[in-house]
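Asks: Provided below for reference: sequence and predicted model.
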Amino acid sequence: MLYKNALIKIKRSLGRYLSLFIIVMVGVGFYAGVEITAPDVVSLADAYYSKNKLMDFKIVSTLGLTEDDVAALSDLEGVKSATGSYSLDVQSTDRVIRVHAIEGGVNRLSLTEGRMPKALDECVADSKTNSIGDVIEITDDVSDELKNTKFKVVGLADSCLYLQDEYGNTSVGNGKLGSFIFVNKNNFTLDAYTEVYLLADTTAQPYSTQYNDFSAKLKDEIVLIKAARETARYEGVYNEAMDKIVDAQDELDTKMADAEKEFADAKKELDDNAKKLKDTKSSTQKQLSSAKSTLDDSKAKLEAGKSELSQNKEKLEETKSTKSAEFEAAKAEIESAKKQLGTYLSAAGVTSENIGSKVSALEGAIESMKAQLQNIPAGTQEYLSLEATINAYSENLTQLKRLESSLNELSANEKQLNDGIATFNSEIQKAEAEIKAAENEIAANEAKINNGYNDYYANLSKFNTEIAKNEKKLKDGYAEYEENYAEYEAEIADAKAEIEEAKVDVSEIERPKWYISDRDAAAGYSNLESSVRVVNVISAVLPVFFILLSILMTSNSMARMIAEERGELGTLTSLGYGDFKIMSTYLMYVLSATGLGALTGFFGGCKLIPPLVYSNFRFILPSLIMKYDFIRLAIIIAFTFALMSAVTIIACHRELKHNPASLLRPLPPKRGQAVFLEKIKLVWKKLSFTWKVTVRNMLRYKKRAFMTVVGVAGCAALLIVGFGLRDSMEGVAKRQYSEIFKYSDMLILKDETSVINGELKEVLDENNITNPLLVRQNTYTVVSGKSAKKTQDAYLIVPQDDAVFKEYFNLINKKTGEEIDLKDGEAVITQRLAKVLKVKAGDSIVVTDNENESHKMTVAAVAENYASNYIYLQPDVYERIFAQKPSYNAVISGNETVDEAKLAENLIDSGLITNVVFTSDAIQIITESTNSLNGVIILIIFVALLLAVVVLYNLTSINISERIREIATLKVLGFRDNETNSYIYREALILTVISIGAGIGLGLFLHNFLLDAIEVGALALIRSIKWYSYIIACALTLLFSVGMQGITYLKLKKIDMIQSLKSVE
Amino acid sequence: MSLIEFKNVKKVYNIGDVSIAALEDCSFTIEKGELAVILGQSGAGKTTILNLLGGMDVPSGGEIIVGDNKIHEFSKKQLIEYRRKDIGFVFQFYNLVTNLTALENVELACQICPDSFNPETILEQVGLKERINNFPSQLSGGEQQRVAIARAIAKNPSLLLCDEPTGALDSDTGQRIIALLQKTCKEMNMTTVLITHNTVISEVADKVIRVKNGRVKDITINEAPKNAEEIVW
């Protein structure tokens, strides 16, 4: 009957029963589900590792490893097997790939498609970047290492060495391993293994303490033989090299001796020839020069003759011309005299011809007249006239006579002159003839001399040509000799240098160094561990929260239920039922609810949560196998039962210790109390009664208020955590790749350069890459200057131009929000690096490259950054620290290209750029991975909803049932429905608001806590949560809360005043 | 005209398939300022009458007129307003809000009534001047009932309804409560309806309405009601 009563009770209070069920289900489900996730994943990994025989250790030596090394390693205690193998990082056409040798006994492949390679030019490759039928071509010179450079992909495989998509770093190419291939081992032509894989003799689960202990012990063993093996290898390599050098030296010596002799002979012959030629040359030259001097003499003489002749000729001409002038003057004088005389003659009326006759006539006349005169008396007229006539005639005659003598004189002169001219002319003619003869002679001589000269020059040129020819021949001979000798010397020098170099090399052969890596060498191995750790952290925190809450809720619920039914308890007791019997009905009620809840929760949680969480693990592992940990189930059930029984028994006992009579009386109402707020009269007086009641109620039922706060705050906190995680991860992509890194792409250059010019500039211009920034980017292992305990990998970035750098990199001091200037000091490092290494501005860090070279630098500032670690250095600082000018290996630019694939193809096709890394790709990858968080967020929202609903439902219904009389009283007093409701709701709403406040705090704390656990390696997450996430979280919490109020509203409405007023049963 | 008029009121409770008639053809009137006592055994239907009068329940038939209000026609909302303005209710188990002081309990009622009395004055009237800042749990039963009465009358209701106000009290305290009610009724001219199964108490009433098995057995008008101090039970 009692049990029937219990069943009826369940039916009657289905809401409470279900809430118990749900609380326990959610609590247990979440706990069990999250708790089983990590073990599920680990056991999955374990199975995968052991199936594929993932190595436990990988030993790499700087000088390779020999069979002896392998043997020594396999002899170690705890080593199951040691396998010498090969791997090689090479540049293929578009990415860096690691070529592995296929091993059967270790690091086996899981073929996903195709077949294993048979021929030497076949390979299996990862499925990330390859597909079957692809041909992978190695562009590096690997003739010393591999038989083939082209491999056809015949199969795709997963390798346990690569557990994640990011295959790791390499010192080749862009530093990022883009792909891996496995080829048959005999493809490698190396004389020593590049690595040895060890399989440990243990079955311990990976990541377990047991495994780690075993691994540490084994490592110690390896370290013990390390030095001896290194020395052995060193000696081996040293001796081999030394032998080679000695041989080479001997060979060189012999070769040198032979060559020297040969050269000496050749030299002698050449010298002889030279001497002979010289002799010939000088004798011939002598002959020629004497011939020439004879000719020259003749010519000089001739020239003298010639000049004399021309002098004479000149003189003659001169004479000729003076004489002619003289003659002409004389002629002219004669002519003028003639003319004057003519005038006189004509005046005298004579001519030169008749003057003589005239004179004679005149003389005759005069004589006749004189004679007449003597006949005429003197003094007579006649006389006188005759005398005068005689006088006039005489004077005339005198005049004529004078004229005649002048005429005669003149004629004589003229004659003399003409004679002079004739004589002169004949003399001249004679002289001219003489000259002509001399001229002819000279001309004949000249012709002779010219012929002599011609002969001479012909001989000279012939001689010269011959000499030149011989001399050239000789010179050629010498040149050839010199050339050969120089060549020989160069060869010898080279050979010597080579030997010297080899000697130096040998002396510089560093002792080989063994690098012992454990499974961390498998990409993703430790990431898996940290991911598992994240889940473990969540499983350590959140479920505990849930379990606590469900304990709190169920115990409160049960205690309340029993308190409510104290009347029934009293009745049953008075009817004579034993305490245990009465308790058992309640036990049945609570245990069935919680037991079912626990079972459902367990199976549901184990079924749903691990796959959901696992779906966020981006590891290359087989799919998850669901497992149920029945021991855990048993513990959960036992724990739940024990707890619930205890709660029930205590609650029952509290009631049952009273006697039945007092049980039958109503529970005295809880005392009202003045609250603290009342002391502040000013405030208290201003409050309306409903407010006063609200305040008092909240403080009166502290436990309930507390639970409401815990529940609702938990809900709000979970929502904030959920949205916050999303914000933190999603924000990373945006912050990192569009706000901190503002460039759109990075071009990895094939050859390092110091400026952008020539072809590179052309290529950049052609592709519209504006404002390019040259940077040097290298990977280094970084430790703090104080302690090398923690190491981090980081990119060292050296920008060529500070101004452009600032355009592309927004380095900000997160604490102060100030921009960081590279000029301010040495190294600017990123926040995660600073945090992990525990360094701050002013401290020092040490970076070590692949060659094990270390450089120390001072941290100038810490910059905000989320993905990967970076160290930024100015070129001159780099130069100072690294003692060399930086050469740049990448170009950063801020293109806004539509077709990125095309751009990349164009750039890589140019042959100058090996790779183009787009920031948009990075954003996409991160966004994709954060999108997978949606599952977790939905889970969290769902759980938060359940939590809020269950807690609020429970508490509000308790609140109402406890205060049903109070509410009825208010109704009777004439309180309107809304007034009555607000009486209850206000309390709930205030509590909700307080809870949301607390929830935000708690959420932030949990969020931070989870982020701390999630931040592993170089990943930093954004701590801040977006404002709208707060709003959504708060709004959802409020919504859940108001939703629950809506349900209780219906309950409130149903309260029957009459019934409740009477109900003092 | 009478303040209260009950005309052939019928009340049937349906519990599952069974119909139980709590009131059958019940008619009476109460005048303004009267102290009426409804007397009857347990289950006679007197509480039902009070509930109907107080607007906490609606009749299945008949008419209830209080002043100008036809209560039987009232909607739920109107009933609330009616309770709010016109009715003061005193419960058998006081039903004080435990979380409020005596004064606050009275104020609780006052704040919803437009023309209420000063709560402190009222509490002084019921003789609780010294205890106004005490919580119900710090008060005796009689004191609590006084607070309840003060709360009821502070609203300045036109009708004061008391459901077995002495039911949970010893006779001395009960007597004092009755005296208080009688005094209030007379001094404030407040129509008071009191339910009791105690015939002694009915001696103080102006009008006694006897109820039995859901019907009005008889109505007696007491020409010379006793003073409350005079009665003993």
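Replies: Done, it's in.
Asks: Closest to the centroid, which residue in the chain?
Replies: Defaulting to chain A. Centroid-nearest residue in chain A, with CA atoms, centre = their mean: A:Ala890, separated by 3.6 Å.
Asks: meant chain B, my bad for not saying
Replies: B:Leu161 (1.4 Å).
Asks: So it lies in a helix, does it not?
Replies: No - under the criterion used here (DSSP: H, G, I helix; E, B strand; the rest coil), B:Leu161 is strand, not part of a helix.
Asks: Next one: residue 56, what pLDDT does it get?
Replies: Chain wasn't specified; assuming chain A. Predicted confidence (pLDDT) for A:Asp56: 92.
Asks: nope, chain B
Replies: 83.
Asks: What count of nearby residues applies to the residue in the stretch 701-850 of chain A that chain B sits nearest to?
Replies: Using CB to the nearest CB, A:Tyr701 is the residue of the stretch 701-850 of chain A that sits closest to chain B, at 9.7 Å. Placement of C-beta: from N, CA and C, glycine included. For A:Tyr701, the count of nearby residues is 20 (other CB atoms under 10 Å in any protein chain shown).
Asks: near chain A, which residues of chain B?
Replies: Residues of chain B lying near chain A by CB under 8 Å from any CB of the partner chain: B:47, B:51, B:54, B:56-57, B:77, B:80-85, B:87, B:89, B:91, B:93, B:95-101, B:104, B:107-109, B:111-113, B:135-138, B:151, B:155, B:163.
Asks: what mean pLDDT does the longest helix seen in chain A have?
Replies: Longest helix in chain A, counting residues (DSSP state H): helix A:209-348. The average pLDDT for helix A:209-348 rounds to 86.
Asks: Can you report phi and psi for A:Gly894?
Replies: Main-chain torsions, A:Gly894, degrees, to the nearest 10: phi -120, psi 60.
Asks: what's near enough to touch the residue lying closest to it once chain neighbours are set aside?
Replies: Closest residue to A:Gly894 apart from its sequence neighbours, by CB to CB, 6 or more residues apart in numbering or on different chains: A:Tyr743 at 5.0 Å. Residues in contact with A:Tyr743, defined by CB atoms under 8 Å, 6 or more residues apart in numbering or on different chains, are A:Leu773, A:Tyr808, A:Phe809, A:Ile892, A:Ser893, A:Gly894, A:Thr919.
Asks: Output the longest helix anywhere in chain B as CSV, restricted to C-alpha atoms.
Replies: Longest helix in chain B by number of residues (criterion: DSSP H): helix B:171-187. The C-alpha trace of helix B:171-187 is given here as CSV (Å, rounded to 0.1, in the frame of the first residue of the first chain):
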residue,chain,number,x,y,z
SER,B,171,-11.6,31.8,25.5
ASP,B,172,-10.2,34.8,27.3
THR,B,173,-8.3,36.0,24.4
GLY,B,174,-11.2,35.1,22.2
GLN,B,175,-13.5,37.2,24.3
ARG,B,176,-11.2,40.2,24.0
ILE,B,177,-11.1,39.8,20.2
ILE,B,178,-14.9,39.6,20.1
ALA,B,179,-15.0,42.7,22.2
LEU,B,180,-12.7,44.5,19.8
LEU,B,181,-14.8,43.5,16.8
GLN,B,182,-18.0,44.6,18.5
LYS,B,183,-16.4,47.9,19.5
THR,B,184,-15.1,48.5,16.0
CYS,B,185,-18.4,47.6,14.5
LYS,B,186,-20.2,50.1,16.7
GLU,B,187,-17.7,52.8,16.9
